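Asks: Starting from these lines, generate the structure:
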Amino acid sequence: MKLPPTTTLARLAGLGAFGMVGVLALAYAAFVLALTLPNGEGIDRIEGWVAWVSAGCVWLALEGVHIVYGRYLLGIASGQNYSIESSWRTGGNP
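Replies: Numbering: from 1, shown residues only. As a prediction, the model looks like this:
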């Protein structure tokens, strides 16, 4: 079985990361809307705002990570070179 080139895998992974942004947005909205049902089965208004804010902070962090990695992977797919070399000196006296 022949594997696809690295650029193809990076492009698919990058697009998958951006796709997860939409999935996480829908999951966040469904979670909070389910908690704040107006028919009395959910939580009250103040706790609903707490749920929106607390889940929103986690959602923003996850979205940020997916966007950064998606851009990084799409950059690799378009031919950009990234270095993992450290700027710190290794060994010896400074």
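Asks: Can you give me the buried ones in the helix or strand Ala29 falls within?
Replies: Taking DSSP states H and E as the definition, Ala29 sits inside helix 6-35. Within helix 6-35, the residues that qualify as buried are 10-11, 13-14, 17, 20-21, 24, 28, 32, 35, counting by 16 or more other CB atoms under 10 Å. Heads up, the C-betas are built off the backbone N, CA and C, glycines and all.
Asks: Next secondary structure after that helix?
Replies: Later in the chain than helix 6-35, the nearest helix or strand by DSSP H and E is helix 45-77.
Asks: Who are the packing partners of that next one?
Replies: helix 6-35 (3 or more CB pairs under 8 Å, 6 or more residues apart in numbering; DSSP states H and E).
Asks: Average pLDDT for the helix it packs on, rounded please.
Replies: On average, the pLDDT along helix 6-35 is 82.
Asks: Which strands and helices lie in contact with it?
Replies: Counting contacts by 3+ CB pairs under 8 Å, 6+ apart, helix 6-35 is packed against helix 45-77.
Asks: So for the helix it packs on, what gets flagged as buried?
Replies: 48, 51-52, 55, 59, 62-63, 66, 69-70, 72-74, 76-77.
Asks: Show me which of those is closest to Thr6.
Replies: Relative to Thr6, the closest of the buried residues of helix 45-77 is Ile76; by CB to CB it sits at 7.5 Å.
Asks: out of everything not next to it in sequence, what's closest to the closest one?
Replies: Counting by CB to CB, 6 or more residues apart in numbering, Ile76 lies nearest to Ala10, which is 4.2 Å off, once chain neighbours are set aside.
Asks: you'd agree the one you found is up against Gly79?
Replies: No: Ala10 lies out of contact with Gly79 (CB atoms under 8 Å); the separation is 10.2 Å.
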